[in-house]
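Q: Here is a sequence with its predicted model. Questions after.
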Amino acid sequence: MNNELLKQYNLKFVKTKDIRGEIEFGVINTNGKGGVSEFLDDIIVSSEATELLSKVNLYLEGGEDPELNGFLDGRSCYGDIYNESVYIYSIAKSITGPIDIVPLKDFHDLVETWRAFLIQNGN
């Protein structure tokens, strides 16, 4: 796990049980800020992270995703991906502008780290 990157973005990966005793995985931003933590938290299985990584890799290699034009869909937020950064937006109508801007390489590494955490924990 890339602990330095998690520390840089104030992120903590957690495995908990809900009130029914079922295991849940989550991403917590330790300073209370949303953005990349919300986006990662929307990814609930490793296969979703793998799919996202394939899109991010296109941009890291200087290409573009012809089907999505850089749009990344999430459950509580969404993102626009560019060759150097990912702009993350809240789906809340009351919030305008990006809630987080993450360098593309960091975003890739964060998604890869989250994917590894999910796989390590059987998800």
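A: Yes, it's here. Numbers count the residues shown, from 1 in each chain.

Q: where in the chain is pLDDT low?
A: 1, 65-73, 75, 94 (pLDDT under 70).

Q: what's the burial count for the closest residue to Pro103 other than its chain neighbours?
A: Among residues not flanking Pro103 along the chain, Ser85 sits closest, at 5.7 Å (C-beta to C-beta, 6 or more residues apart in numbering). Heads up, the C-betas are built off the backbone N, CA and C, glycines and all. By other C-beta atoms under 10 Å, 19 other residues sit near Ser85.

Q: report the longest helix in this protein, please.
A: With secondary structure taken from DSSP state H, the chain has its longest helix at helix 104-120.

Q: buried sites along it?
A: 104, 106-115, 117-118 (16 or more other C-beta atoms under 10 Å).

Q: Out of the residues you listed, flag the one nearest to Val36.
A: Leu110 (6.2 Å; C-beta to C-beta).

Q: which residues touch the closest one?
A: With contacts defined as C-beta atoms under 8 Å, 6 or more residues apart in numbering, the neighbours of Leu110 are Asn2, Leu5, Leu6, Tyr9, Leu11, Val36, Leu40, Val102.

Q: separation between it and Gly21?
A: Leu110 sits 29 Å away from Gly21, taking C-beta to C-beta, to the nearest Å as the criterion.

Q: what residue of this protein is the furthest out?
A: Relative to the centre of the chain, the most outlying C-alpha is that of Arg20, 26.3 Å out, by C-alpha atoms, centre = their mean.

Q: Perfect, that will be all.
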